[in-house]
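Need a 3D model of the sequence below.
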Amino acid sequence: MECERTGSPPRGADADRVLLFLHGGGYRLGSLGSDGELAARLGRASGMRVLFPEYRLAPEHPFPAAIDDVLAVWQWLRTDQQVSASSIAVAGDSAGGGLTVALLVATRDAGDVLPAAAVLMSPTVDLTSSGASMTDRADQDPISTPALLRQLASDYLAGADPKTPLASPLFASLSGLPPLLVQVGTADLLLSDSERLAEAAAEAGVDVTLEIGESLPHVYQLMLGTPEAAAATERVGKFLRARVP
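Numbering: from 1, shown residues only. Just a heads-up that it's a prediction; the model follows:
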């Protein structure tokens, strides 16, 4: 596991506020190279320093390696760096969104103080592939196919139960989680993941905001230079500035 962090915060950022960013890539791909620009953009929008860990990837390192690494980073922030949980937010796209929810669930279950807020962009939270959009949106998603997503899930699980809460946090209890912002597009096979997660979180009493972009693809926030990505970044920044003191 590698962590990328800046020695000093970007201009306008508060050195005491940290955004932990977890990249996507189906638990097999992804790095600072693929998601670093998005992470930096979110840091500028929120006025926060960004910590970008590169967790271990499948198939060489299947579940629970990724969430174990993320939990280790969380503990490092809290104990080694002595950053207050109330000064930390977590954001993740795709598989990183799933890891974000898993981090919140595991932290709550351990009796630790949770981060102040979390942002989920097209999160992968159901490795059973049971969402209606897996079929309803199959002809609209320009990035993924149902077969690809099932293969990525299989490679990551390596025989583990796909309903295991820290692998598929849609099946976890969501009570007690911090405020959530969920962004997803309608041209995304994982649309149902976001919709069902937001519904379950709301039913559990969580402050959750679901934003659905019409005709937008999986993790459209990565599309640098588009008005849709710029607007989404601005909304994330506003959300985090309001919730991380």
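
Show the contacting residues for Thr233.
Shown in contact with Thr233 (Cβ atoms under 8 Å, 6 or more residues apart in numbering): Arg41, Leu42, Ala45, Gln221. C-beta here means a position set from N, CA and C on the backbone, and glycine is covered the same way.

and if we set it to 10 Å?
Thr233 is in contact with Leu38, Arg41, Leu42, Arg44, Ala45, Ser46, Gln183, Gln221, Leu224, counting by Cβ atoms under 10 Å, 6 or more residues apart in numbering.

Could you say which helix or strand holds it?
Taking DSSP states H and E as the criterion, Thr233 maps to helix 227-243.

Show me which residues of that helix are buried.
Neighbour-count burial for helix 227-243 flags Glu228, Ala229, Ala232, Thr233, Arg235, Val236, Gly237, Phe239, Leu240, Arg241, Arg243 (criterion: 16 or more other Cβ atoms under 10 Å).

Can you give me the end-to-end span of stretch 200-210?
End-to-end span of stretch 200-210 (Cα to Cα, to the nearest Å): 12 Å.

Rebuild the buried residues of helix 227-243 as JSON lines, extending it with distance to Ser130 and pLDDT.
As requested, the buried residues of helix 227-243 are exported to JSON lines (distance: Cβ to Cβ, whole Å; pLDDT from 0 to 100):
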{"residue": "Glu228", "distance to Ser130": "28", "pLDDT": "98"}
{"residue": "Ala229", "distance to Ser130": "29", "pLDDT": "98"}
{"residue": "Ala232", "distance to Ser130": "27", "pLDDT": "98"}
{"residue": "Thr233", "distance to Ser130": "31", "pLDDT": "98"}
{"residue": "Arg235", "distance to Ser130": "29", "pLDDT": "98"}
{"residue": "Val236", "distance to Ser130": "28", "pLDDT": "98"}
{"residue": "Gly237", "distance to Ser130": "33", "pLDDT": "98"}
{"residue": "Phe239", "distance to Ser130": "29", "pLDDT": "98"}
{"residue": "Leu240", "distance to Ser130": "31", "pLDDT": "98"}
{"residue": "Arg241", "distance to Ser130": "36", "pLDDT": "97"}
{"residue": "Arg243", "distance to Ser130": "31", "pLDDT": "97"}
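
for this structure, what spans make up the helices?
Assigned by DSSP state H, the helices in the chain fall at 32-46, 65-75, 95-109, 133-136, 146-157, 191-203, 227-243.

Packing partners of the fourth one?
Okay, so that is helix 133-136. Counting contacts by 3 or more Cβ pairs under 10 Å, 6 or more residues apart in numbering; DSSP states H and E, helix 133-136 packs against helix 146-157, strand 180-187, helix 191-203.

one more time with 8 Å, if that's ok
Packing partners of helix 133-136 (3 or more Cβ pairs under 8 Å, 6 or more residues apart in numbering; DSSP states H and E): helix 146-157, helix 191-203.

thinking again about what came up before, can you tell me which of the helices of the chain is most buried?
With neighbours taken as mean count of other Cβ atoms under 10 Å, the helices of the chain reach their highest mean count in helix 95-109, at a mean of 25.

From Gln75, how far out is Gln81?
The gap separating Gln81 from Gln75 is 10 Å, by Cβ to Cβ, to the nearest Å.

err, Ser94, not the other one
24 Å.

list the contacts for the nearest residue to Val83 once chain neighbours are set aside?
Leaving out its chain neighbours, the residue that sits closest to Val83 by Cβ to Cβ, 6 or more residues apart in numbering is Leu77, at 4.8 Å. Leu77 sits next to Val18, Leu20, Leu51, Val83, Ile88 when contact means Cβ under 8 Å, 6+ apart.
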